[in-house]
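Peer 1: no sequence on this one, just coordinates:
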Ligand SMILES: C[S@@+](CC[C@H](N)C(=O)[O-])C[C@H]1O[C@@H](n2cnc3c(N)ncnc32)[C@H](O)[C@@H]1O
């Protein structure tokens, strides 16, 4: 995994720009899922979860999922509708509050706010999970390897980890980065104006990923890749978004294998 050089040093801690960014985004986060690209990502993730549930022998709430970096709880809500037990954790208070106020009445659903130095931090680490989601989180953290290792440790044997991350091999991603770095492009070209915004998400991205490096780095954790799919492209390129050089996002799923010698 290669860190993307950024014009600003990466700060960590609860008042870092990245945390303030998500605090501000929280009230409108679920509305993002009205857009084609977010809906597409949601449907793709949920189709993998459906497929997984059709294979499990566990019934309903016996099946336990963790959504790490759950945001406003879009996937926690969807998974709990499928009848499984879900824990959502996030380091943004506003995101956790938005999720809790929407999903208050759901049974078998719980949330945990991760705060630096909090004594409550990590109650979710006290159990293992059949399914772990980490969706569009790793590109914002300083050390994705550490988080993946932590999530792998929380997976039950034969459990499934699903990641979504930006695809660094996509030419569209490279063009997006180029346009972001050149204001003459992003200010004046229709469709790219959002890149000029003071709070554009690219300002907070620490890195993008390739499928190859993720597959390679997760092997030592006992994770075996099951599938990787490229997706998300502007309408004109949508017919070829499944190609690695095109799709701006990728979904990877990994099975935890326990080798018993
Ligand atoms: C782009 S949002 C994605 C939210 C949700 N997974 C979704 O797909 O709708 C990224 C989320 O990750 C959270 N996050 C970022 N770094 C984190 C960390 N180190 N630990 C926990 N959550 C984190 C942010 O607060 C934010 O809610």
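Peer 2: Everything's here; your move. Here the structure is a predicted model, which means the values were calculated and not measured.
Peer 1: what does the stretch 101-250 of the chain have sitting close to the ligand?
Peer 2: By Cβ under 6 Å from any ligand atom, the residues of the stretch 101-250 of the chain that approach the ligand are 114, 135, 136, 137, 140, 141. Heads up, the C-betas are built off the backbone N, CA and C, glycines and all.
Peer 1: any of those buried? List them.
Peer 2: 114, 135, 136, 137, 140, 141 (16 or more other Cβ atoms under 10 Å).
Peer 1: from residue 94, how far out is the residue of the stretch 51-200 of the chain found nearest the ligand?
Peer 2: Nearest residue of the stretch 51-200 of the chain to the ligand, counting by Cβ to the nearest ligand atom: residue 71, 2.6 Å away. Using Cβ to Cβ, to the nearest Å, we find residue 71 at a distance of 10 Å from residue 94.
Peer 1: those two: who's more crowded?
Peer 2: Legend: neighbour count by other Cβ atoms under 10 Å for residue 71 and residue 94, higher for residue 71 (25 against 19).
Peer 1: so who does the closest residue to the more buried one other than its chain neighbours touch?
Peer 2: Spatial nearest neighbour of residue 71, excluding adjacent residues (Cβ to Cβ, 6 or more residues apart in numbering): residue 95 at 5.0 Å. Going by Cβ atoms under 8 Å, 6 or more residues apart in numbering, residue 95 touches 22, 23, 25, 26, 29, 70, 71, 72, 73.
Peer 1: okay, the residues you listed in a markdown table with secondary structure next?
Peer 2: Output for the contacts of residue 95, formatted as a markdown table (DSSP: H, G, I helix; E, B strand; the rest coil):
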| residue | secondary structure |
| --- | --- |
| 22 | helix |
| 23 | helix |
| 25 | helix |
| 26 | helix |
| 29 | helix |
| 70 | coil |
| 71 | coil |
| 72 | coil |
| 73 | coil |
